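A.B. asks: 3D model of this:
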Amino acid sequence: MWPHYAAMQERIGRERGWGPVSREQFEHDAGPDGALFVGSPETVATKIASVAKGLGLSRFDLKYSIGTLAHEKLMTSIELYGTQVAPLVREQLA
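C.D. replies: Okay, the predicted model is just below:
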């Protein structure tokens with residue numbers, strides 16, 4: 001995800017006057033305490049369930065696309081979210 005995220009952040013950043021994005025910041029944001037939900041279905045499900053419990057959420061919306069990510073990879077992400085991530089989240093929240 002990193003190169004696609006960086007491309008998007010740099011384009012948006014130029015428009016908004018942001019400084020350059022660093023790999024270190026991305027790694028933090030993709031980590032357990034960050035705002036990005038990235039990784040294996042199990043990793044993403046665990047992070048969603050943790051945030052849902054911590055914030056008392058009853059629903060969770062996820063943006064699937066990221067910058068320059070190829071369409072076929074986007075479609076795979078959507079499929080994994082529906083077939084693996086969502087069932088794991090429901091199981092962890094039960």
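A.B. asks: contacts and neighbour counts: CA atoms only from here.
C.D. replies: OK.
A.B. asks: what residue lies at the spatial centre of this protein?
C.D. replies: In the chain, the residue lying closest to the centroid (CA atoms, centre = their mean) is residue 37, at 2.8 Å.
A.B. asks: State the distance from the residue lying closest to that one once chain neighbours are set aside to residue 34.
C.D. replies: Using CA to CA, 6 or more residues apart in numbering and skipping residues adjacent in sequence, the residue nearest residue 37 is residue 44, 5.6 Å away. From residue 44 across to residue 34, the span is 12 Å (CA to CA, to the nearest Å).
A.B. asks: Have a look at those two and say which one is more surrounded.
C.D. replies: Using other CA atoms under 10 Å as the criterion, residue 44 and residue 34 rank with residue 44 on top: 22 against 14.
A.B. asks: So the more buried one sits against residue 87, correct?
C.D. replies: No: the criterion here is CA atoms under 8 Å, and residue 44 misses it with residue 87 at 11.6 Å.
A.B. asks: Right, I'll call it a day here.
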